[in-house]
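In: Build the 3D model from these lines:
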Amino acid sequence: MDPRAAKVIENRQEAPGIFQLVLEAGDGACLPAAGQFYMVRTGKGHDPLLRRPLGVLKAEQSRERGLRLSFLYQVRGRGTALLSGLLPGEDIDVIGPLGSGWRLEDTPSRVIAVAGGMGIVPLYAALKAISTSKDNVRTELVYGSRSGPELVLYQELEALADKVALCTEDGCMGEQGLAPDIFSGLLTDVTDEKPLVLACGPRPMLQKVRRTCVDHGLDCQVSMEARMGCGMGACLTCTIQGTSGENLRVCREGPVFVAADIDWERLDESP
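Out: Model (predicted):
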């Protein structure tokens, strides 16, 4: 897949160290599915050499502007620091959409999304897709972070989901606690039609959510984070183990997986 030129429309700070980058990718660009990502070049030349994988927060396509993409990212190193300095009107190039997104074709009448920190990005896209294409589906979101300032876009999320439960480790916003524990409390009223669970966040959080889903017999999908070199499945940098012993590439077979397809014991042993 060839790089595509895109123009920076906006690059605003949503919270300390967290930015929303809005790009206009022009005509002919493919509309991404919820849960897909792009490999984004962070510098003008080849330094840094590797692109950064950014999950799509929002995607809108119109006849007048073509494709407009929004990404939410946190400054964690040199590449994302360079991204945070982009100004409206500047050009950047991206490769995508890449990967496999959420499986939302046979959504039950209740969906519970569990987000930890920046894991809110693909779940925002999932909730948006459900709200615009599914009727009579109740959506609930558990959104947790270490502190209140890291809970971004929660007002928009309250308009997307039927119920939003915010939690922070320090208790400064929402309920004090961890997202997996708040999620467990929502399962006291599970009916005959069991909810679909969607989750994205740190691996320990995903492991806890998965175990709870196993205990309650719930279908669970997870969006995995991993370091990526190429983003297209060639370099095998982002490989994890599947339950049948096969290599699963987060950039190709994922980033969204059915949780039962991942060998979580092997995953716990990986860095």
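In: In a strand, Thr107, correct?
Out: No - judged by DSSP: H, G, I helix; E, B strand; the rest coil, Thr107 forms no part of a strand; its state is coil.
In: quick one: contacts for it?
Out: By Cβ atoms under 8 Å, 6 or more residues apart in numbering, Thr107 lies in contact with 130, 134, 137, 196. Every C-beta, even on glycine, is put in place using the N, C-alpha and C of the backbone.
In: number of nearby residues for the third one?
Out: Other residues near Val137 come to 17 when the count uses other Cβ atoms under 10 Å.
In: now do the same end-to-end measure for stretch 20-33.
Out: End-to-end distance for stretch 20-33, by Cα to Cα, to the nearest Å: 19 Å.
In: mind checking how far that stretch is from the chain centre?
Out: Offset of stretch 20-33 from its chain centre (Cα atoms, centre = their mean, to the nearest Å): 17 Å.
In: who touches it?
Out: Around stretch 20-33, the neighbours that count as contacts under Cβ under 8 Å, 6+ apart are 4-12, 14, 38, 54, 56-57, 59, 61, 65-73, 83, 86, 92, 94, 96-97, 101-102, 129.
In: Same question for stretch 89-96.
Out: Contacts to stretch 89-96, defined as Cβ under 8 Å, 6+ apart, come from residues 1-8, 23, 25, 32, 36-41, 51, 69, 86, 231-232.
In: Buried subset of those, written for PyMOL?
Out: Selecting only the buried entries of these in PyMOL, with 16 or more other Cβ atoms under 10 Å as the criterion:
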select buried, resi 4+6+8+23+25+32+36+37+38+39+40+41+51+69+86+231+232
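In: quick one, strands of the stretch 101-250 of the chain?
Out: 110-116, 138-145, 163-168, 175-176, 196-200, 220-223, 239-241, 247-249 (DSSP state E, counting those that start in this stretch).
In: partner strands of the shortest one, parallel or antiparallel?
Out: In other words, strand 175-176. Paired neighbours of strand 175-176 in the sheet (DSSP bridges): strand 163-168 (parallel).
In: and the strand it pairs with with strand 138-145, angle?
Out: 10 degrees (axes from the mean of the first three to the mean of the last three Cα atoms, to 10 degrees).
In: Now do strand 163-168 and strand 110-116, the angle between them.
Out: Calculated by the same axes, to 10 degrees, strand 163-168 forms an angle of 20 degrees with strand 110-116.
In: Beta-bridge partners for Pro255, please?
Out: Going by DSSP bridges, Pro255 is paired in beta bridges with Ser100.
In: Could you report the separation of it from Ala161?
Out: 21 Å (Cβ to Cβ, to the nearest Å).
In: Show me which of these two is the more surrounded one.
Out: Taking other Cβ under 10 Å, Pro255 and Ala161 do not tie; Pro255 has more neighbours (27 against 23).
In: how about the helices in the stretch 1-150 of the chain?
Out: 78-84, 120-133 (DSSP state H, counting those that start in this stretch).
In: buried ones in the longest one?
Out: Neighbour counts using 16+ other Cβ under 10 Å place 120-130 of helix 120-133 among the buried residues.
In: what's around Glu225, how many residues?
Out: Neighbour tally, Glu225, other Cβ under 10 Å: 22.
In: about what we covered before: using a markdown table, lay out the helices of the stretch 1-150 of the chain together with distance to Asp263 and mean pLDDT.
Out: Shown next, in a markdown table, are these (distance: least, Cβ to Cβ, whole Å; pLDDT from 0 to 100):
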| stretch | distance to Asp263 | mean pLDDT |
| --- | --- | --- |
| helix 78-84 | 30 | 93 |
| helix 120-133 | 22 | 95 |
